[in-house]
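Peer 1: let's see this in three dimensions:
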Amino acid sequence: MSLIVVIIILALSFDFLNGFHDAANSIATVVSTKVLSPGAAVAWAALFNFLAFLVFGSKVAATVGKGVVDPHFMTLTAVACALIGAIIVDIITWIWGLPTSSSHALVGGLLGVALVAGGPAAIISSGIYKILIFIVVSPILGMILSYLISSVVEIIVRHKHPSKVDKLFRRLQFVSSAAFSLGHGGSDAQKTMGIIWMALLVNKNMESGASLPYWVVIACQLAMGLGTLLGGWRIVKTMGQRITKLRPFEGFCAETAGALTLYSTILFGIPVSTTHTITGAVIGVGARKRFSAVRWGVTLSIVWAWVLTIPVAALIAAACFGVTKLF
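Peer 2: As a prediction, the model looks like this:
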């Protein structure tokens with residue numbers, strides 16, 4: 001089996017784990033508010049994950065494939081080690097039930113091997129700066145938007161009977177969960193497309209100016225959908241109930257805020273974390289009720305996991321690549 005085939009299999013395995021791990025973000029609120037059963041929510045999320053590429057194009061894939069590290073410094077072995085680092089971090093954080101970012105695990109893996117392969121010259125600083133800035137910006141933006149949206153919604157419905165409000169927002173959550181799932185597919189699935197794109201460029205299977213092959217798009221969307229179907233329930237519980245208890249109108253506000261944040265970053269090709277975005281949005285609707293409604297101890301452990309994701313993935317990937325250079 002050729003190394004390029006091994007890398008494609010690793011990349012699709014990572015994409016599956018991304019679905020298993022991160023795609024829970026797309027369905028956590030709608031499952032926790034009992035608007036949809038887990039099975040129905042998975043099918044709903046998977047549909048809009050798949051349709052996302054038709055809406056958003058491939059700017060995020062291009063950033064990951066050509067805008068984080070210089071492909072000229074990369075080898076197929078380096079790409080494989082970057083994926084292994086990201087996969088190991090995903091598995092560890094899934095076991096612990098922590099909603100960390102698969103996207104940043106992948107970026108960390110790429111940074112680790114690139115530094116070993118080519119030193120600082122292999123890093124494209126402008127791409128890294130954007131990612132690091134939005135590690136902070138995306139959850140804060142999600143939190144602010146969800147706080148504002150939920151405040152406005154509460155003013156609009158304050159004279160309505162609670163049962164009517166609940167019934168209305170149970171219906172509207174179909175729309176908001178679809179919107180967030182569309183943003184999730186437009187952001188996260190493209191990152192695996194980007195890594196396969198990089199491998200094909202490194203192996204000279206395609207020219208640098210060529211567009212993303214259609215088979216890569218289909219394979220990545222299917223892998224993520226299958227991952228969503230089979231896993232992620234540990235993180236659904238963390239996202240939907242452990243941070244703060246959600247009602248349907250709060251789930252709608254969190255999903256809407258998360259979707260708006262993702263859409264704005266996808267348009268600029270910035271590979272943000274859907275995990276960070278929806279976590280910030282959930283915190284925002286919880287904080288609007290009262291400060292104590294947010295379980296800040298759980299939130300702090302999540303933030304620590306965010307901080308450590310990139311360096312830990314980088315160290316694992318660099319160590320893996322260092323071992324391969326010995327043989």
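Peer 1: drop to CA atoms for contacts and neighbour counts, all remaining ones
Peer 2: Will do.
Peer 1: hmm, which helix or strand of this structure has the shakiest average pLDDT?
Peer 2: Of all helical and strand segments in the chain, the minimum by mean pLDDT, DSSP states H and E falls on helix 233-237, at a mean of 53.
Peer 1: settle this for me: residue 70 is touching residue 123, isn't it.
Peer 2: Yes. Counting by Cα atoms under 8 Å, residue 123 is a contact partner of residue 70 at 6.2 Å.
Peer 1: which one's more surrounded, those two?
Peer 2: Using other Cα atoms under 10 Å as the criterion, residue 70 and residue 123 rank with residue 123 on top: 21 against 16.
Peer 1: contacts only, for that one.
Peer 2: Each residue near residue 123 by Cα atoms under 8 Å, 6 or more residues apart in numbering is listed here: 68-70, 111, 114-115.
Peer 1: quick one, helices of this structure?
Peer 2: 3-21, 24-32, 38-56, 59-66, 76-95, 102-118, 125-157, 162-202, 214-230, 233-237, 248-267, 274-289, 296-324 (DSSP state H).
Peer 1: please work out which of those is packed deepest.
Peer 2: Each of the helices of the chain was scored by mean neighbour count; the highest is helix 24-32, a mean of 29, by mean count of other Cα atoms under 10 Å.
Peer 1: what does the pLDDT read for the closest residue to residue 116 other than its chain neighbours?
Peer 2: Counting by Cα to Cα, 6 or more residues apart in numbering, residue 116 lies nearest to residue 318, which is 6.4 Å off, once chain neighbours are set aside. Looking at residue 318, its pLDDT stands at 95.
Peer 1: any weak-confidence spans in the stretch 51-200 of the chain?
Peer 2: 97-99 (pLDDT under 70).
Peer 1: is it true that residue 207 touches residue 201?
Peer 2: Yes. Judged on Cα under 8 Å, residue 207 makes contact with residue 201 at a distance of 6.5 Å.
Peer 1: reformat the contacts of residue 123 as TSV; add distance to residue 310.
Peer 2: Formatted as TSV, the contacts of residue 123 follow (distance: Cα to Cα, whole Å):
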residue	distance to residue 310
68	13
69	14
70	18
111	8
114	13
115	13
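Peer 1: of all the residues you listed, which comes closest to residue 305?
Peer 2: residue 111 (18.0 Å; Cα to Cα).
Peer 1: ok, that closest one - contacts?
Peer 2: 68-69, 82, 123, 314.
Peer 1: which residue is nearest the centroid of the chain?
Peer 2: The C-alpha lying nearest the average C-alpha coordinate of the chain belongs to residue 274 (Cα atoms, centre = their mean; 3.9 Å).
Peer 1: what's the pLDDT at that residue?
Peer 2: 78.
Peer 1: I figured it was touching residue 188, is that so?
Peer 2: Yes. At 7.4 Å, residue 274 and residue 188 qualify as touching, with contact defined as Cα under 8 Å.
Peer 1: related to what we said a few turns ago, biggest separation within the contacts of residue 123, which pair?
Peer 2: Among those, 68 and 115 lie farthest apart (Cα to Cα), at 11.8 Å.
Peer 1: was I right to think residue 134 contacts residue 274?
Peer 2: No. Here residue 134 does not reach residue 274: they are 11.2 Å apart, not a contact under Cα under 8 Å.
Peer 1: how close does the closest residue to the residue nearest to the centre of the chain other than its chain neighbours sit to residue 44?
Peer 2: Nearest residue to residue 274, sequence neighbours excluded (Cα to Cα, 6+ apart): residue 184, at 6.3 Å. Applying Cα to Cα, to the nearest Å, the value for residue 184 to residue 44 is 13 Å.
Peer 1: quick check: the residue nearest to residue 274 vs residue 287, distance?
Peer 2: Following Cα to Cα, the distance that separates residue 184 from residue 287 is 24 Å.
Peer 1: check residue 224 too.
Peer 2: In terms of Cα to Cα, residue 224 sits 32 Å off from residue 287.
Peer 1: over to residue 222?
Peer 2: 36 Å.
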